[in-house]
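In: Turn this into a structure:
(2 chains)
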Amino acid sequence: MTLTLASRLEETDRVAAAVREACAGAGLDDEACANLELAAVEAANNIVVHGYAGDPAQTYTARIAAGPAGVRLLFSDAGIAIPPEALAQTEMPDWDSEAGRGMAIIRACVDELEYQCVDGDNTLLLIKRGSL
Amino acid sequence: MAEFSNSGDILVVRLTEPRLDAARAPTLKAALMQNVQDKPERIVVDAQDLKFMDSTGLGVVVSLLKMMGASGKLGIVCQEGSVRKLLKITKLDQIVRPFETLDDAVAALGR
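Out: All right, here's what the predicted structure looks like:
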């Protein structure tokens, strides 16, 4: 399944629904499904807010593949690349920070994360494995 | 998005929608800024109907914590599931205490 999404925060509902459907199809348990849904929404938020700086005229895609091995979710966009220090984030910010937890949450919720920026095209692959 | 009431001297903020994400968080934050005044010492967020919250929604909960007095106590009512997991991942469950029921939260914060 491939979704083409406008760069608007409201569109993340479509990503979440598609991820839940794929997770159910792949037989992931409720916790794994919830984790991947959260990671997917955080990744989509990052593209809209940071990658495209809130420009609603831009678009990005989410390709979702489900199988016995789990669910693969590939985001593609042409916005500003994720800075290396942000991509590497695993620690949570101080408790009183109202933002800045997204990447650390993504990393905590998926089994694999791969990111590439080639000639201005960004891809973020998130994998949640099944229990096989 | 939110309903406000009091249980004794505890402010109860009931979240009425199933999702609190980056698209919806600004509406909740505006409601909190309008309704949470005079630095309350005890607040319970009743999130029993909340099925999904992302980091932006969590940021609004943090902002609520910062609206409280210095010795303020904030509890959140949520079942086992994604909301409680988010609190745990972010370690905010050490500051925003989760409860199973509203009665449990009111009883604990009312002491």
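
In: Only C-alpha atoms from now on, for both contacts and neighbour counts.
Out: Noted.

In: which parts of the helix or strand that contains B:V62 are buried?
Out: Using DSSP states H and E, B:V62 sits in helix B:55-66. Using 16 or more other CA atoms under 10 Å in any protein chain shown as the test for burial, helix B:55-66 gives B:S55, B:T56, B:G57, B:L58, B:G59, B:V60, B:V61, B:V62, B:S63, B:L64, B:L65.

In: can I get the CA coordinates of the next helix or strand after it in PDB?
Out: Using DSSP H and E, the helix or strand that follows helix B:55-66 in sequence is strand B:73-77. Presented in PDB, the C-alpha positions along strand B:73-77 are these (Å, rounded to 0.1, in the frame of the first residue of the first chain):
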ATOM      1  CA  LYS B  73       1.000  17.200  41.700                       C
ATOM      2  CA  LEU B  74      -0.400  15.900  38.400                       C
ATOM      3  CA  GLY B  75      -2.000  12.500  37.900                       C
ATOM      4  CA  ILE B  76      -3.300  11.000  34.700                       C
ATOM      5  CA  VAL B  77      -6.000   8.300  34.500                       C
END
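
In: and the angle from strand B:73-77 to helix B:55-66?
Out: 140 degrees (axes from the mean of the first three to the mean of the last three CA atoms, to 10 degrees).

In: Helix B:55-66 and the helix or strand that comes right after strand B:73-77, what's the angle between them?
Out: Next helix or strand after strand B:73-77 toward the C-terminus (DSSP H and E): helix B:82-89. Angle between the axes of helix B:82-89 and helix B:55-66 is 70 degrees (criterion: the same axes, to 10 degrees).

In: Where does chain A get nearest to chain B, residue-wise?
Out: A:E98 (4.0 Å; CA to the nearest CA).

In: nearest residue to the residue in chain B positioned nearest to chain A other than its sequence neighbours?
Out: Going by CA to the nearest CA, chain A is nearest to B:G59 of chain B, at 4.0 Å. Closest residue to B:G59 apart from its sequence neighbours, by CA to CA, 6 or more residues apart in numbering or on different chains: A:E98 at 4.0 Å.

In: Could I get the full set of helices for chain A?
Out: Taking DSSP state H, the helices of chain A run over residues A:12-26, A:30-46, A:84-87, A:102-109.

In: Check whether the shortest one comes near chain B.
Out: No: contact between helix A:84-87 and chain B, assessed by CA under 8 Å from any CA of the partner chain, is absent, since the two come no nearer than 15.1 Å.

In: Enumerate the positions of that helix that are buried.
Out: A:L87.

In: Same question for the longest one.
Out: Judged by neighbour count (16+ other CA under 10 Å), helix A:30-46 contains these buried residues: A:32-46.

In: Which ones, among those, also lie beside chain B?
Out: Answer for the buried residues of helix A:30-46 near chain B (CA under 8 Å from any CA): A:A34, A:N35, A:L38, A:V41, A:E42, A:N45.

In: quick one, phi/psi of the closest residue to the third one other than its chain neighbours?
Out: It stands for A:L38. Spatial nearest neighbour of A:L38, chain neighbours left out: B:D54 (6.4 Å); criterion: CA to CA, 6+ apart. With angles defined as degrees, to the nearest 10, B:D54 sits at phi -100, psi -170.

In: picking that back up, name all residues that make contact with the residue nearest to B:G59.
Out: B:T56, B:L58, B:G59, B:V60, B:V62, B:S63 (CA atoms under 8 Å, 6 or more residues apart in numbering or on different chains).
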